[in-house]
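*Asks:* A structural model of the following input is requested.
(chains A and B)
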Amino acid sequence: MELRAYVVRRVLLLVPVLFGVTLLIFGLLQLFTPIQRASLYISDPKQLANLDQIIERYGLNDPIWKQYWTWLNQVFHGNLGWSKVASMPVDNAIWHFLPSTIEIVLFAAPLIIFGGIYLGSKAAANKDRTVDHVTRVGAIIGWSLPTFWLGLMLLMVFYGFFHGLLPPERLSTSMQLVVTSSGFHQYTHLNTVDAVLNGNIRVLGDALRHLILPVITISVVNIAFIMRLMRSSMLESLGKGYILTARAKGLDERTVVNKHARRNAMIPVLTISGYLLASLASGVVITETIFNYRGLGWLAWQSAVRLDIPTVLGFALFTGVLFVLTNLVVDLLYARIDPRVRLGGQAK
Amino acid sequence: MIDLKFIWYQLRRNPVSLAGIVIVAMFALIALLAPIIAPTPAGQSNAYLIPREGYSPVPQPPSWAHKFGTTQGEYDIYYGVIWGTRSAFKVGLAVIGATLLLGIILGSIAGYFGGIIDEIIMRITDIFLAFPALILAMAVVAALGPSLNSVLIALIIVSWPAYARVVRGDILAIREEDYVEAARGVGASHFRIITRHILPNSIYPVFIMASLDIGAVVLSAAALSFLGLGAPEGYADWGQMIQFSRNWIVGPPGQPLAYWYTVVIPGLFILFFVLGWNLLGDAFRDILDPKLVKR
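*Replies:* Numbers count the residues shown, from 1 in each chain, chains lettered A, B, ... in the order given. Predicted coordinates:
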């Protein structure tokens, strides 16, 4: 069966890419001298006296291929160095800050996908009418908006002008105390989910209030992107023969648009979910920075500004690997949906 | 082959692309006339440094002396955005130029020679494309040490692979053409075949696409600057001016929007700059679409 061959080939191709990803991060690390690199593993200034031992232990004066091997071994054991910013090992820091970021993405992703698909197909179905013009202008402006500026403008209005209606950060201080108290069980570390599980309405309300602006900020650019893609894909789909057939057999326009055209038009939109993830990862850095929302993006920003190299590179490695794996999943799903993909080479 | 007259004709008929042309032309004009419309104070050697009135952190509203007011650190906003236009063009042109050069060289080598060379170059692009662009750029800037040059290098590193791929694809399509075969038959060197026969017949669309990416490049550079990883303090740079405004989005009690000019003005400059290039890019994408029939 071709699908199995495709899966095997695709997974095999993954190995050199993941290998290259680690090599690239290792290469960036080589911009530093052995002493600087040794200090990246230090968590306590007292250890500075034993710098030679650390250089010895991590083999930082070895030939480069041997160093790479030692480093890779460390990475596999989860040792990415010490994060100055988070005051804990980098791998712990990543897991510690991940839930906040997941919380933003959890709300933003459905908004982006459904919003983009809805607006895009709406525009295509009403091509050259007012709806189309308005959404297109909206999309090109949204597409050009600097995310960091949009976030600040939203804060200016909803935090400044409306007297703290939608504040920055992740929770207000009083609610933070509730969340960390012993009576509140943190099942997932996602505040909204935990609040529901604990049946605490006030925490839920507060968490949502803090989520609205970051979610909007990160979504606008991406909605605009998906909308544009969906519009052109839908226009192409509407011109196909099966649409003519559907209309000819007397189906009403709503069924034609929603069932026949939109479903087919969604396939190309699916393929860019990998791109969407990358865009979200970048967006999270900027959004969390603006709103002082302590998640992975905020950690990456803080560590980049404070030159906490292990954290920056650890985060880059983490997103790189995550991104490669997601793309694999997307490709495999796509191949399952659309047989033309897995036949790719031969079918031409 | 590309027909410039046809492109110009298409651009003129389309109001959207016309708006794009006007916006970009205005920015180009601002950049060119910067020394006249925002003269550098006497005695300042580097024109790209924003003059400051003092060291007070509190922004001052627009006045006769400072048309757009001053931002945190009493930097003149008007001077900053005008000369910031120049730095935006500089960053955009430098990054796109270097990216194109790298993309064309590596892409044409991969596409022309094929086989193992192609495989290696394409796997390398895979590795670079495995990272979300902004995050790889951040890592590169942090590793090199934050500065304007690091930002340029980082943006070149994250953007060349996409171009290498496009160029490779175009060259693959043209490699087997009869005239290439003919050139090979009369004994032309690989270099000559690539530069004289293949590139001139395949490169213009990539060239135009790349130049329209200036908006996106400037946006990424501004984002890095905003994160505090770009130009040194006081350098005329839009992203940095937004960063300055971060602490001033909420005014004193009773006047929540008192410092609006620190956020709104530099932001509008970035927005319109990117918008102009995107409008132009959209129009070109339609024109260069091979499905569009020439009449």
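*Asks:* now the stretch 201-348 of chain A, which segments are flagged as low pLDDT?
*Replies:* Low-confidence segments of the stretch 201-348 of chain A, defined by pLDDT under 70: A:339-348.
*Asks:* how about the residues of it near chain B?
*Replies:* With C-beta under 8 Å from any C-beta of the partner chain as the criterion, the stretch 201-348 of chain A comes near chain B at residues A:277-279, A:281-282, A:285-286, A:289-290, A:300-301, A:303-305, A:307, A:309, A:312-313, A:315-316, A:319-320, A:323-324. All C-beta atoms are positioned from the backbone trio N, CA, C, and that covers glycine.
*Asks:* Contacts only, for whatever residue of the stretch 1-150 of chain A ends up closest to chain B.
*Replies:* Among residues of the stretch 1-150 of chain A, the one nearest chain B by C-beta to the nearest C-beta turns out to be A:G20. It sits 3.4 Å away. By C-beta atoms under 8 Å, 6 or more residues apart in numbering or on different chains, the contact set of A:G20 is B:R123, B:I124, B:D126, B:I127, B:A130.
*Asks:* same deal with B:D237?
*Replies:* Counting by C-beta under 8 Å, 6+ apart, B:D237 makes contact with B:G80, B:G84, B:S87, B:L148, B:A222, B:S225, B:G230, B:A231.
*Asks:* What backbone torsions are found at it?
*Replies:* Here is the backbone geometry of B:D237 (degrees, to the nearest 10): phi -150, psi 130.
*Asks:* what about it, distance to chain A?
*Replies:* The spacing between B:D237 and chain A, counted by C-beta to the nearest C-beta, to the nearest Å, is 13 Å.
*Asks:* roughly how far apart are the nearest residue to that residue once chain neighbours are set aside and chain A?
*Replies:* By the measure of C-beta to C-beta, 6 or more residues apart in numbering or on different chains, the closest residue to B:D237 outside its immediate chain neighbours is B:A231, 4.4 Å from it. If you measure B:A231 against chain A using C-beta to the nearest C-beta, the figure is 14 Å.
*Asks:* Tell me, how many residues neighbour B:A231?
*Replies:* Here the number of neighbours of B:A231 (other C-beta atoms under 10 Å in any protein chain shown) works out to 22.
*Asks:* Distance-wise, check the closest residue in space to B:Y75 that isn't next to it in sequence relative to A:Y6.
*Replies:* With sequence-adjacent residues excluded and distances taken as C-beta to C-beta, 6+ apart, B:Y75 is closest to B:I50, at 4.4 Å. When C-beta to C-beta, to the nearest Å is applied, the distance between B:I50 and A:Y6 equals 56 Å.
*Asks:* In terms of neighbours, single out the busier of these two.
*Replies:* B:I50 (29 against 18).
*Asks:* contacting residues for that one?
*Replies:* B:I50 neighbours (C-beta under 8 Å, 6+ apart): B:Y75, B:D76, B:Y79, B:G80, B:W83, B:G234, B:Y235, B:A236.
*Asks:* Among the contacts of B:D237, which are located in helices?
*Replies:* Using DSSP state H, the subset of the contacts of B:D237 located in helices is B:G80, B:G84, B:S87, B:L148, B:A222, B:S225.
*Asks:* Now for these: which two are most distant?
*Replies:* Based on C-beta to C-beta, the longest span within the ones in helices among the contacts of B:D237 runs between B:G80 and B:L148 and measures 15.0 Å.
*Asks:* before we move on, back to that, what subset of the residues of the stretch 201-348 of chain A next to chain B is buried?
*Replies:* Burial by neighbour count, judged by 16 or more other C-beta atoms under 10 Å in any protein chain shown, picks out A:277-279, A:281-282, A:285-286, A:289-290, A:300-301, A:303-305, A:309, A:312-313, A:315-316, A:319-320, A:323-324 from those.
*Asks:* on that earlier part again, the ones in helices among the contacts of B:D237 into TSV, with extra columns for neighbour count, pLDDT and distance to B:F269?
*Replies:* Listed next are these as TSV, based on neighbours: other C-beta atoms under 10 Å in any protein chain shown; pLDDT from 0 to 100; distance: C-beta to C-beta, whole Å:
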residue	neighbour count	pLDDT	distance to B:F269
B:G80	30	91	9
B:G84	31	93	7
B:S87	25	93	11
B:L148	20	90	18
B:A222	31	94	10
B:S225	26	93	13
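*Asks:* So which of these reach chain A?
*Replies:* Restricting the ones in helices among the contacts of B:D237 to those adjacent to chain A (criterion: C-beta under 8 Å from any C-beta) gives B:A222.
*Asks:* Out of the ones in helices among the contacts of B:D237, flag the one nearest to chain A.
*Replies:* The shortest separation between chain A and any of those is 6.2 Å, and it belongs to B:A222 (by C-beta to the nearest C-beta).
*Asks:* show me what contacts that closest one?
*Replies:* Contacts of B:A222 (C-beta under 8 Å, 6+ apart): A:P146, A:F148, B:A88, B:D237, B:W238, B:G239, B:I242, B:I270.
*Asks:* is it true that B:G111 touches B:R175?
*Replies:* Yes: shown here, B:G111 and B:R175 form a contact pair, counting by C-beta atoms under 8 Å, at 6.6 Å.
*Asks:* out of these two, which sits in the more crowded spot?
*Replies:* When B:G111 and B:R175 are compared on other C-beta under 10 Å, the one with more neighbours turns out to be B:G111, at 26 against 19.
*Asks:* Spit out the contact partners of that one.
*Replies:* Counting by C-beta under 8 Å, 6+ apart, B:G111 has contacts B:D118, B:V167, B:R168, B:G169, B:D170, B:I171, B:L172, B:R175.
*Asks:* Just those residues: which are in helices?
*Replies:* Using DSSP H, B:D118, B:V167, B:R168, B:G169, B:D170, B:I171, B:L172, B:R175 are the members of the contacts of B:G111 that sit in helices.
*Asks:* What subset of those residues is buried?
*Replies:* B:D118, B:V167, B:R168, B:D170, B:I171, B:L172, B:R175.
*Asks:* any low-confidence regions in the stretch 151-295 of chain B?
*Replies:* Within the stretch 151-295 of chain B, the segments meeting pLDDT under 70 span B:288-295.
*Asks:* Tell me the residues of it that contact chain A?
*Replies:* Close to chain A, as judged by C-beta under 8 Å from any C-beta, the stretch 151-295 of chain B has residues B:215, B:219, B:222-223, B:226-229, B:239, B:242, B:245-246, B:249-251, B:256-257, B:260, B:263-264, B:267, B:270-271, B:274-275, B:278-279, B:282.
*Asks:* Mind checking which of those are in helices?
*Replies:* Here DSSP H is the test, and those give B:215, B:219, B:222-223, B:226, B:239, B:242, B:245, B:260, B:263-264, B:267, B:270-271, B:274-275, B:278-279, B:282 as lying in helices.
*Asks:* residues near B:G115, how many?
*Replies:* Applying other C-beta under 10 Å, we find 8 residues neighbouring B:G115.
*Asks:* What ranges does the stretch 51-200 of chain B have for its helices?
*Replies:* Ranges of helices in the stretch 51-200 of chain B, per DSSP state H, counting those that start in this stretch, are B:77-113, B:115-129, B:133-144, B:148-175, B:178-185, B:190-192, B:199-202.
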